[in-house]
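Colleague: Quick check, what structure comes out for this input:
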Amino acid sequence: MGVAMGAGGTDVALETADLVLMSSDLTKLPFTLRLSKQAGRIVRQNLIFAVSVILVLVTATILVPLLYPGFVLPLPLGVVGHEGSTLLVVANGLRMLAMRE
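Modeller: Prediction:
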């Protein structure tokens with residue numbers, strides 16, 4: 001892993017580095033690594049949750065009319081389900097703001 005330190009680093013070092021610390025303080029490196037691992041976990045959680053909700057909604061849209069002929073799921077129910085899941089994904093992502101050194 002390449003690390004560039006300081007805002008005064010060369011452009012080449014800043015471009016090629018995997019991680020750029022804006023200060024020349026190496027003590028922030030462990031926190032930065034923890035933060036990046038936490039971000040990766042939250043992104044995976046959000047993707048799994050969002051895809052799961054969409055699969056449930058699509059499955060319900062297909063199966064409900066087959067199981068209950070003549071009944072169709074109302075569109076507002078799907079909108080509330082989808083947009084509600086979007087709000088939960090955003091709220092889950094906001095947990096990153098609480099992470100401190």
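Colleague: ok, now how distant is residue 14 from residue 97?
Modeller: According to CB to CB, to the nearest Å, residue 14 and residue 97 sit 25 Å apart. All C-beta spots, glycine's among them, are computed from the backbone N, C-alpha and C.
Colleague: Neighbour count for the two, which is higher?
Modeller: For residue 14 and residue 97, the more surrounded residue by other CB atoms under 10 Å is residue 14, and the numbers stand at 14 against 7.
Colleague: Touching, the more buried one and residue 20? I think so.
Modeller: Yes - with contact defined as CB atoms under 8 Å, residue 14 and residue 20 form a contacting pair (5.7 Å).
Colleague: roughly how far is stretch 17-35 from the heart of the chain?
Modeller: Distance of stretch 17-35 from its chain centroid, counting by CA atoms, centre = their mean, to the nearest Å, is 21 Å.
Colleague: Just the terminal-to-terminal distance for that stretch.
Modeller: 17 Å (CA to CA, to the nearest Å).
Colleague: Ok, stretch 20-28 next?
Modeller: With CA to CA, one end of stretch 20-28 sits 11 Å from the other.
Colleague: which residues in the chain form helices?
Modeller: When secondary structure is read from DSSP state H, the chain shows helices at 11-16, 29-67, 75-93.
Colleague: between those helices, which gets nearest to residue 1?
Modeller: Of all the helices of the chain, helix 29-67 sits nearest to residue 1, with 9.0 Å by CB to CB.
Colleague: and the angle for the closest one with helix 75-93?
Modeller: Helix 29-67 and helix 75-93 meet at an angle of 170 degrees, taking axes from the mean of the first three to the mean of the last three CA atoms, to 10 degrees as the criterion.
Colleague: Check the gap between the residue minimising distance to the centre of the chain and residue 89 for me.
Modeller: The C-alpha lying nearest the average C-alpha coordinate of the chain belongs to residue 43 (CA atoms, centre = their mean; 3.0 Å). Separation of residue 43 from residue 89 (CB to CB): 10 Å.
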